[in-house]
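A.B. asks: I'd like to go over a predicted model; first the sequence, then the structure.
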Amino acid sequence: MYATPVDCAFEVSYIGIKQLFSALFSSPLKKNVENVSLTFDEETGHLLGTMTVNFYSLQYKDNPVSGRTPMPEVSRGSADIFHSIN
């Protein structure tokens, strides 16, 4: 098994962070979010964050192992948890 950790820093709206996690979990790549840290910036109304995502892969005899593990639908909170959308 191969693991590739990816660290990222970002500034995003509340809707944007929800879209980010939706995109991560809808991707067929095997991964896990090792850590995430979010801080609300009162000046901009955005979230400042850092995140580490580990991507995993297996390979044998030129055939990558593929397939997607089904994820149950998860509630993603309110439309605007910080009441920052005008």
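C.D. replies: Nice, thanks for sending it over.
A.B. asks: quick one: buried residues of the helix or strand containing residue 21?
C.D. replies: Element membership for residue 21 (DSSP states H and E) is helix 14-26. Neighbour-count burial for helix 14-26 flags 14, 17, 20 (criterion: 16 or more other Cβ atoms under 10 Å). In this view, the C-beta of every residue, glycine as well, is placed from N, C-alpha and C.
A.B. asks: now tabulate these in a markdown table and tack on pLDDT and distance to residue 78.
C.D. replies: Formatted as a markdown table, those follow (pLDDT from 0 to 100; distance: Cβ to Cβ, whole Å):
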| residue | pLDDT | distance to residue 78 |
| --- | --- | --- |
| 14 | 91 | 9 |
| 17 | 92 | 13 |
| 20 | 92 | 17 |
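A.B. asks: now the spatially most central residue of the chain: how far from residue 47?
C.D. replies: Nearest to the mean C-alpha position of the chain, counting by Cα atoms, centre = their mean, stands residue 21 at 3.7 Å. For residue 21, the distance to residue 47 (Cβ to Cβ, to the nearest Å) stands at 12 Å.
A.B. asks: and what of residue 13?
C.D. replies: On the measure of Cβ to Cβ, residue 13 and residue 47 end up 7 Å apart.
A.B. asks: name the residue in the two with the higher neighbour count.
C.D. replies: residue 47 (21 against 16; other Cβ atoms under 10 Å).
A.B. asks: for the buried residues of helix 14-26, which one is nearest residue 81?
C.D. replies: residue 14 (5.9 Å; Cβ to Cβ).
A.B. asks: wouldn't that closest one be in contact with residue 80 here?
C.D. replies: Yes: proximity of residue 14 to residue 80 meets the contact threshold set by Cβ atoms under 8 Å, at 5.8 Å.
A.B. asks: for this structure, just list every one of the strands.
C.D. replies: With DSSP state E as the criterion, the chain has strands at 2-12, 30-41, 46-57, 59-60, 63-64.
A.B. asks: right, so these: which one is the most enclosed?
C.D. replies: Most buried of the strands of the chain by mean neighbour count (mean count of other Cβ atoms under 10 Å) is strand 46-57; its value is a mean of 16.
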